[in-house]
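Enquirer: Based on what follows, work out the 3D shape:
(chains A and B)
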Amino acid sequence: MIIQALAFYAFAAVAVASGVMVISARNPVHSVLFLILAFFNAAGLFVLLGAEFLAMILVIVYVGAVAVLFLFVVMMLDINFVELRQGFLQYLPVGALIGLILLAELILMFGAWVAAPGALQAAVAPTPSALSNTAALGALLYTHYVYAFQTAGAVLLVAMIGAIVLTHRSRPDTRRQRIARQVARRREDTLEIVKVRPGEGA
Amino acid sequence: MVELWHSYGLPTAITVAEILAIIVPLLLAVAYLTYAERKVLAAAQLRKGPNVVGPFGLFQPLADGLKLLMKETVIPAGANRVVFIAAPIITFVLSLVAWAVIPFDAGMVLANINVGILYLFAISSLGVYGIIMAGWSSNSRYAFLGGLRSAAQMVSYEVSIGFVIVSVLLCVGSLNLSDIVEAQKTVWYCLPLFPMFIVFFISGLAETNRSPFDLPEGESELVAGFFVEYSSMTFALFYLGEYANMILMSAMTSILFLGGWLPPFGVAPFTWIPGPIWFFAKIAFVLFCFLWVRATMPRYRYDQLMRLGWKVFLPLSLAWLAATAAFLVFTGRLPA
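Expert: The predicted structure is shown next:
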């Protein structure tokens, strides 16, 4: 238990610290790198909770794909860091106000929050050893809540198609490789054999 | 104190010994993979390859390592120091930590976790960070272009690798690597899932930035791509990481498709050879194919690489996944 507690505090502390660094780092690329560190520590916390499937999915999806694209875009931005800092004091009161409101909301919610009588019992109940959490998640998502899951999928698909439609522009002047046309090309279409007599030219 | 030793000290000591027992042979294998690559390439081009240092040039990797160790580490003036140093370390560490879940024989595994294949997939998808960080922090156009190419390439090919892994998992019914190998007792998955085996191998080449997909380092246009500014041990760490990733990808191919430590037939002369030997032989075979491809194929153009990943492999692996699922459900072979 000691090791688990130590691991929890280590993961939690690094996660919070890197979260702070995400918003305070001067360089946006460093911010993204700290964000990745925060994701990692969240995955560590998932493992400590016994949710190893979620931990791995978090690393694969957020760190392996989303953050790579994030880093990709941030690296290519041409940002003037000095200019970025200028409005800081100006926007500080607004930001602080929003932060305070969120904090107040959290306090209000958790202050008045009473756990359902069965919830705590379910939380401390031992995980059934026969059922891995991958199988449990699968049964929940694909059997019990299949319609909700499919609806979410459809919404995401529509959003993705929308993003492509909005941003795609066809450029008729670009040259593309058309493999079918290359394969279909015959010698007769492109080559002409000319008999050239000496001294006359073609 | 004695109790503390028994509950924490001893298990830690055993684990450390196991880790060393995996890493030291792995690093030796990496060193001799560079030698094997030069010998295979030389044979393909009717040359002799390294043959001066030691008998048959066998000490060449050691000489190369010593040379790199002696060189000066140069950090460019405009580089982002911390990220610049961290990039090769991340590449190297990631290529080693993945070996924690690889089973060498029945029960012979450092960490037999439930989601082993997901862990491997996660670690291999992180490999891009070392490259992209190196490209950015070097503050050089060539390195930056290499890093960008690599990021786009690895994200693209991960998608089809994911679908291939899911089709294997459908047949196994478990995410545990030992279970995946045990499920291939009757037939190795390279036969029933043959197209996926090929897709996985080719995507593995792209994922490890090997020829013909070595555009991130493409020496003819980008000098050395993402590690153009690196020298000495920082360069060596990239190099070791790349080769360790190749061995890892070969091990994944062996586990998913070539039956891991299982002999080809479960009868007498084949079962005499112990499991790890079979496993290493399969890894060596896949590695030879990696080197063979490098000796044979010209480099892809970048748009061709993207076309292959998104327009050929992705639909193919997705269709095969749907076909596998349909077949398993309708014939009632779906594992419980």
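Enquirer: Pick out the residue closest to the middle of chain A.
Expert: residue A:66 (2.9 Å; CA atoms, centre = their mean).
Enquirer: Quick check: that one vs chain B, distance?
Expert: Residue A:66 sits 10 Å away from chain B, going by CB to the nearest CB, to the nearest Å. Backbone N, C-alpha and C define where each C-beta goes, glycine included.
Enquirer: Does residue A:4 lie in a helix or a strand, and which?
Expert: helix A:2-24 (DSSP states H and E).
Enquirer: er, residue A:150 actually
Expert: helix A:146-167.
Enquirer: okay, the helix or strand following that helix in PDB with CA atoms only?
Expert: Next in sequence after helix A:146-167, counting helices and strands by DSSP H and E, comes helix A:179-184. Taking C-alpha atoms only, helix A:179-184 is exported to PDB below (Å, rounded to 0.1, in the frame of the first residue of the first chain):
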ATOM      1  CA  ILE A 179      -1.700   5.700 -61.400                       C
ATOM      2  CA  ALA A 180      -4.500   4.100 -63.500                       C
ATOM      3  CA  ARG A 181      -3.500   6.400 -66.400                       C
ATOM      4  CA  GLN A 182       0.100   5.600 -66.100                       C
ATOM      5  CA  VAL A 183      -0.600   1.900 -66.000                       C
ATOM      6  CA  ALA A 184      -3.000   2.100 -69.000                       C
END
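Enquirer: Could you point out the helix or strand that follows helix A:179-184?
Expert: helix A:187-190.
Enquirer: And that following helix, what's buried?
Expert: By neighbour count on 16 or more other CB atoms under 10 Å in any protein chain shown, the buried set for helix A:187-190 is empty.
Enquirer: Show me what that helix is packed up against.
Expert: The contact analysis (3 or more CB pairs under 8 Å, 6 or more residues apart in numbering or on different chains; DSSP states H and E) places helix A:187-190 against no helix or strand.
Enquirer: Would you map out the domains in chain A?
Expert: Per automatic domain parsing, the structural domains of chain A span A:1-80, A:88-124, A:127-167.
Enquirer: Tell me the secondary structure at the residue nearest to the centre of chain A.
Expert: Classification of residue A:66 by DSSP: H, G, I helix; E, B strand; the rest coil places it in helix.
Enquirer: so how far is residue A:53 from it?
Expert: 18 Å (CB to CB, to the nearest Å).
Enquirer: looking only at pLDDT, what's the mean for stretch B:315-322?
Expert: The pLDDT scores in stretch B:315-322 average 92.
Enquirer: Run the contact check for that stretch versus chain A.
Expert: No: Stretch B:315-322 lies out of reach of chain A by CB under 8 Å from any CB of the partner chain, never closer than 14.0 Å.
Enquirer: which residue does chain A bring closest to chain B?
Expert: Ranking the residues of chain A by distance to chain B (CB to the nearest CB) places residue A:64 first, at 3.2 Å.
Enquirer: who's in contact with residue B:239?
Expert: Residue B:239 makes contact with residue B:34 under the criterion CB atoms under 8 Å, 6 or more residues apart in numbering or on different chains.
Enquirer: so when I look at it, I'm seeing a helix, right?
Expert: Yes: applying three-state DSSP, one finds residue B:239 inside a helix.
Enquirer: I'd like to know how far it sits from chain A.
Expert: From residue B:239 to chain A the distance is 23 Å (CB to the nearest CB).
Enquirer: Which helix in the chain has the most residues?
Expert: Because you didn't say which chain, this covers chain A. helix A:88-112 (DSSP state H).
Enquirer: Chain B is the one I meant
Expert: Max-length helix for chain B by DSSP H is helix B:10-44.
Enquirer: Following the chain onward from that one, which element is next?
Expert: That would be, after helix B:10-44 and using DSSP H and E, helix B:60-70.
Enquirer: Need the contact partners of that following helix.
Expert: With CB under 8 Å, 6+ apart, helix B:60-70 has contacts from B:31-32, B:34-35, B:38, B:50, B:52-54, B:232-233, B:235-236.
Enquirer: got the buried residues for it?
Expert: In helix B:60-70, counting by 16+ other CB under 10 Å, buried: B:60, B:61, B:64, B:65, B:68.
Enquirer: Is it possible to get the residues you listed out as a markdown table so that each row also shows pLDDT?
Expert: Shown next, in a markdown table, are the buried residues of helix B:60-70 (pLDDT from 0 to 100):
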| residue | pLDDT |
| --- | --- |
| B:60 | 88 |
| B:61 | 88 |
| B:64 | 87 |
| B:65 | 86 |
| B:68 | 85 |
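Enquirer: Specify which member of these is nearest to residue B:155.
Expert: Nearest to residue B:155, judged by CB to CB, of these is residue B:68 at 30.5 Å.
Enquirer: where in chain B is pLDDT low?
Expert: Residues of chain B meeting the criterion pLDDT under 70: B:1, B:218-219, B:336.
Enquirer: wait, chain A
Expert: A:1, A:78-85, A:112-130, A:202.
Enquirer: got the residues of it near chain B?
Expert: Counting by CB under 8 Å from any CB, chain A sits next to chain B at A:3, A:27, A:29-30, A:33, A:36, A:52-53, A:56-57, A:59-60, A:63-65, A:68-69, A:71-72, A:75-76, A:132-134, A:176-177.
Enquirer: Next one: the residue of the stretch 101-250 of chain B found nearest chain A from residue B:100, what distance?
Expert: Closest contact between the stretch 101-250 of chain B and chain A, by CB to the nearest CB, is at residue B:125 (3.2 Å). Distance of residue B:125 to residue B:100, computed by CB to CB: 16 Å.
Enquirer: So between the two, which is more surrounded?
Expert: Neighbours per residue (other CB atoms under 10 Å in any protein chain shown) separate residue B:125 from residue B:100, with residue B:125 holding more: 23 against 19.
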